[in-house]
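**Student:** no sequence on this one, just coordinates:
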């Protein structure tokens, strides 16, 4: 499974905050399913090297899922067929190739024809230049659409929020997360919170915990996983006596350093499993310092959905991690 391990700064996605909101609520709601990207490009270019490059990035396998699932589901619409119906789509990549272009480059936009909409436009003089521009910005483009999907989940969570869940999160971290309706607190101690949306065949869970800063290499993969396993064994039992959650060793987890809205953290992705049972699935966590620098705070999202594809379930619960914000009194 291909996965780029890189230290990128999601502050680039402050682009997501530069929204074209002049039309406000007059814009219609977006259409299309979560995780879909409409690619407006000529058919011959879609079938050529440029189309291959776009598919290699935006439709690559989602990292750390048991089954192969594309990062985004792509659909091609030629510019001549790009009618008003398609302009309502949630995510769009517009490839504008013409010798008449005054400037070349990649432009990131929001809420052009609908809301909440994410639009990337590549302006190029010819196909080779368009390919070069895409190759240069491909990671940012992918993250731009990813964050747009997260922002929609967060907006929905705030609209239908389980406000009572802010209290246990604040008690452990000094900050808050925004959980949509359906989530319930299963366990709450002075240094651990377990919050989950549990349905008959799916389980989306967020675990929040903290521990004293280790002496050295606080954010090394070894230390993060070692503390994770220790805390999971103590707090997340399985269905059978002696069973507990741990980190799968079938595929080594990976870490990357990120920064988003002023908060730097170490993202870790991997697979969880239950020692003494046959349960498992993907997880992602954010590890960062407490305001006083005495603790490592971890926000972790995981999914259990053995009957279904997991990309969207994981994207939904991972989005909750990105809703984290320090309580206002922490910033005063």
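**Tutor:** That came through fine. Predicted model only: the values in this text are computed from it and were never measured.
**Student:** going forward, measure contacts and count neighbours with C-alpha atoms only.
**Tutor:** Fine.
**Student:** Quick check: longest strand in the chain by residues?
**Tutor:** strand 263-275 (DSSP state E).
**Student:** The following helix or strand past it pairs with which strands, and in what direction?
**Tutor:** Where DSSP states H and E defines the elements, the next helix or strand beyond strand 263-275 is strand 280-289. Paired neighbours of strand 280-289 in the sheet (DSSP bridges): strand 263-275 (antiparallel), strand 295-304 (antiparallel).
**Student:** In CSV, list the ones you listed along with mean pLDDT, distance to residue 111 and mean neighbour count.
**Tutor:** Shown next, in CSV, are the strands paired with strand 280-289 (pLDDT from 0 to 100; distance: least, Cα to Cα, whole Å; neighbours: other Cα atoms under 10 Å):
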stretch, mean pLDDT, distance to residue 111, mean neighbour count
strand 263-275, 95, 26, 20
strand 295-304, 97, 29, 24
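**Student:** which stretch among the ones you listed comes nearest residue 104?
**Tutor:** Of all the strands paired with strand 280-289, strand 263-275 sits nearest to residue 104, with 32.4 Å by Cα to Cα.
**Student:** count of neighbours near residue 66?
**Tutor:** For residue 66, the tally of surrounding residues (other Cα atoms under 10 Å) stands at 16.
**Student:** Looks like it contacts residue 283 (just checking).
**Tutor:** No - when contacts are counted by Cα atoms under 8 Å, residue 66 is not listed as touching residue 283 (11.3 Å).
**Student:** just to revisit the earlier point, with distance to residue 53 added, can I get the strands paired with strand 280-289 in JSON lines?
**Tutor:** Putting the strands paired with strand 280-289 into JSON lines (distance: least, Cα to Cα, whole Å) gives the following:
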{"stretch": "strand 263-275", "distance to residue 53": "25"}
{"stretch": "strand 295-304", "distance to residue 53": "30"}
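**Student:** I'd like to know which of the ones you listed is closest to residue 47.
**Tutor:** Checking these against residue 47 by Cα to Cα gives strand 263-275 as the closest, at 33.1 Å.
**Student:** can you list contacts of that closest one?
**Tutor:** By Cα atoms under 8 Å, 6 or more residues apart in numbering, the residues outside strand 263-275 that reach it are 64, 219, 221, 238, 243-248, 251-259, 279-288.
**Student:** now the angle from whichever strand or helix holds residue 229 to strand 280-289?
**Tutor:** Element membership for residue 229, per DSSP H and E: helix 221-235. Comparing the axes of helix 221-235 and strand 280-289 via axes from the mean of the first three to the mean of the last three Cα atoms, to 10 degrees yields an angle of 110 degrees.
**Student:** If you count contacts, what does whatever helix or strand comes next after helix 221-235 end up packed against?
**Tutor:** Using DSSP H and E, the helix or strand that follows helix 221-235 in sequence is strand 244-247. For strand 244-247, the contact count by 3 or more Cα pairs under 8 Å, 6 or more residues apart in numbering; DSSP states H and E identifies helix 221-235, strand 263-275 as packing neighbours.
**Student:** Which residues outside strand 244-247 are in contact with it?
**Tutor:** For strand 244-247, contacts defined as Cα under 8 Å, 6+ apart pick out 225, 228-229, 232-233, 236-238, 270-276.
**Student:** Now flag whichever of those residues is closest to residue 151.
**Tutor:** Using Cα to Cα, residue 270 comes nearest to residue 151 of those, at 23.1 Å.
**Student:** Bridged to the closest one, which residues?
**Tutor:** Assigned bridge partners for residue 270, using DSSP bridges, are residue 283.
**Student:** i'd like the first residue to be 20 from this point on
**Tutor:** Renumbered: residue one is now 20, and that last one reads residue 289.
**Student:** which regions of this protein lie under the pLDDT threshold?
**Tutor:** Judged by pLDDT under 70, the chain has its weakly predicted residues at 20-44, 348-351.
**Student:** Which segments of it make up each domain?
**Tutor:** Following automatic domain parsing, one gets these domains for the chain: 29-177, 180-350.
**Student:** longest single helix anywhere in the protein?
**Tutor:** Secondary structure of the chain per DSSP state H: the longest helix is helix 146-178.
**Student:** and residue 116, how far is that from residue 125?
**Tutor:** 12 Å (Cα to Cα, to the nearest Å).
**Student:** who touches both of those two?
**Tutor:** Common contacts of residue 116 and residue 125, defined by Cα under 8 Å, 6+ apart, comprise 141, 142.
**Student:** if we can go back for a sec, would you mind listing the residues touching both of residue 85 and residue 302?
**Tutor:** With Cα under 8 Å, 6+ apart, residue 85 and residue 302 have no common neighbours.
**Student:** now the helix holding residue 248, how far from the centre of its chain.
**Tutor:** Remark: helix 240-254 is offset 22 Å from the chain centroid, using Cα atoms, centre = their mean, to the nearest Å.
**Student:** And stretch 262-277, by the same measure?
**Tutor:** On Cα atoms, centre = their mean, the centre of stretch 262-277 falls 17 Å from that of its chain.
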